[in-house]
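Enquirer: 3D model of this:
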Amino acid sequence: MEIKNTENAVLSVRSIQKTSDGSDESELNTTAYYQLTEHGPEIAYYEVDDTGKRIGRTLLSVLSDHLFTLNKSGFTSSTMIMETGKTHPVAYKTPYGTIDMQVFTSRITSAFNENGGHLTAEYSLQVGDNFHGFQTIDLTVQRK
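Expert: Below you'll find the predicted structure:
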């Protein structure tokens, strides 16, 4: 999905990463394009650098109560398939090369309607033979 000329929603994404070295938390608040399709909700937004320059686009497609995809394109690119109880490979492409990872999703909860909704996902990442940590994404989108 191409992001429309007019973003029609406000998006808040809170991410928590826990590793053996501790935890890190980040939050993103931005405008987005939100729509309900025959397959489920879609949320598209731009990623920006510290100067505000657009460096990428993210599209989240919720396909069912236990399955969504996260497609990133731009400075980095990847397609993550998040499915409760399953492990999926991810090729995370950067300007410096590709990082092969595995993502295991332990829990997804979501509720969406025509005005917006909420999604929480808990998953773990493995890079090569090394465990990389537990991740939690908490996302809320609301039409303007």
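
Enquirer: not counting its neighbours along the chain, what's nearest residue 94?
Expert: residue 76 (5.1 Å; CB to CB, 6 or more residues apart in numbering). C-betas here are computed from N, CA, C, even on glycine.

Enquirer: hang on, isn't that neighbour packed against residue 56?
Expert: Yes - Residue 76 lies in contact with residue 56 (CB atoms under 8 Å); the separation is 6.6 Å.

Enquirer: residue contacts, residue 31?
Expert: 7, 9-11, 45 (CB atoms under 8 Å, 6 or more residues apart in numbering).

Enquirer: quick check: buried residues in stretch 60-78?
Expert: Using 16 or more other CB atoms under 10 Å as the test for burial, stretch 60-78 gives 60-62, 67-72, 78.

Enquirer: looking at the residues you listed, which is nearest residue 51?
Expert: Distance to residue 51 across those (CB to CB) is lowest for residue 72, with 19.5 Å.

Enquirer: can you map out the strands along this structure?
Expert: 9-19, 22-37, 40-48, 54-64, 67-74, 78-83, 87-94, 97-113, 116-127, 130-143 (DSSP state E).

Enquirer: mind giving me TSV with those and columns for mean pLDDT?
Expert: As requested, those are arranged in TSV below (pLDDT from 0 to 100):
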stretch	mean pLDDT
strand 9-19	95
strand 22-37	94
strand 40-48	92
strand 54-64	93
strand 67-74	96
strand 78-83	97
strand 87-94	95
strand 97-113	96
strand 116-127	96
strand 130-143	92
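
Enquirer: ok, so what distance separates the residue nearest to residue 94 from residue 142?
Expert: 27 Å (CB to CB, to the nearest Å).

Enquirer: residue contacts, the residue nearest to the spatial centre of the chain?
Expert: In the chain, the centroid-proximal residue (CA atoms, centre = their mean) is residue 70; its distance is 4.8 Å. Contacts for residue 70 (CB under 8 Å, 6+ apart) come out as 58-60, 78-80, 82.
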